[in-house]
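In: no sequence on this one, just coordinates:
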């Protein structure tokens, strides 16, 4: 069709010759009728075809432009969605600030270490921001871990998902206490056999040990298993360890207690 469009003048010339030959072989009245019929049934469709060809290529060009604009709009929407999620996280962090009497130092995650069950992250604050060993680290949803090593401009944070992590927790509803640890890809707490525990109960920090302020969200109980001496309750963490971007280091009262020497496994 495109080749025919490029040779439209030759095609029109050949058509005119054929019409002339036909007209010379008939009477004048028949010539007029044939000319009208030829115009309606031959020349008009050809003209419509030639008119359609540039319209087709114009539509194709416009379609390409519209697709490009659609991609740009999608990129803008994705950017707006990401900004919206970031604003939501920041609002939650601000809300967390208002609940506590402690100072919160913002930080960003700049490194990970998940080898052989030693789960830790590296954050971009250190001695220059007065970060101290054993300070608690939280996200907007709950407890993440604590500082284990401090450098001039960065710090290593031990996550609750580290195999050597220990934290004193309390069931918010019944006030039952226990030690929270991580083993075999599971965060759990041991409580007495008589402990009042239900699925869906929230677990928070008890405040014992001095590292973590009391009342910080740890997670929710999703499974209960009774043993010979203890009940083992599985906890779904409030903080998502695999999607950490921004964190807060808790400073203040925690700073005073963090000066007391501790072993790496103490709560």
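Out: Done, it's in. Keep in mind that what you see is a predicted model, and the values were worked out from it rather than measured.

In: In contact with residue 107: list those residues for me.
Out: Contact analysis of residue 107 by C-beta atoms under 8 Å, 6 or more residues apart in numbering lists 123, 124, 125, 137, 155, 246, 247, 248, 249. Bear in mind the C-beta positions are built from the backbone N, C-alpha and C, glycine included.

In: and those residues, which two are the farthest apart?
Out: Within the contacts of residue 107, 155 and 246 form the most distant pair, 14.6 Å apart (C-beta to C-beta).

In: By mean pLDDT, which helix or strand of this structure comes out lowest?
Out: Here the helix or strand of the chain ranked lowest by mean pLDDT, DSSP states H and E is helix 253-257, holding a mean of 43.

In: Next one: the nearest residue to residue 186 once chain neighbours are set aside relative to residue 155, how far apart?
Out: Nearest non-adjacent residue to residue 186, counting by C-beta to C-beta, 6 or more residues apart in numbering: residue 234, 5.8 Å away. Distance of residue 234 to residue 155, given as C-beta to C-beta, to the nearest Å: 30 Å.

In: Pick out whichever of these two has more residues nearby.
Out: More crowded of residue 234 and residue 155, by other C-beta atoms under 10 Å: residue 155, with 26 against 16.

In: my guess is that one meets residue 120, correct?
Out: No - Residue 155 lies out of contact with residue 120 (C-beta atoms under 8 Å); the separation is 9.9 Å.

In: still on that earlier bit, of the contacts of residue 107, which is the nearest to residue 181?
Out: residue 137 (17.5 Å).

In: Name every strand pairing with the helix or strand in which that closest one is found and say which way it goes.
Out: Element membership for residue 137 (DSSP states H and E) is strand 136-138. Sheet pairing of strand 136-138 (DSSP bridges) gives strand 143-150 (antiparallel), strand 246-251 (antiparallel).

In: neighbouring contacts of it?
Out: So strand 136-138 is contacted by 96, 104, 107, 123, 143-147, 157, 211-213, 216, 239, 247-250, 254 (C-beta under 8 Å, 6+ apart).
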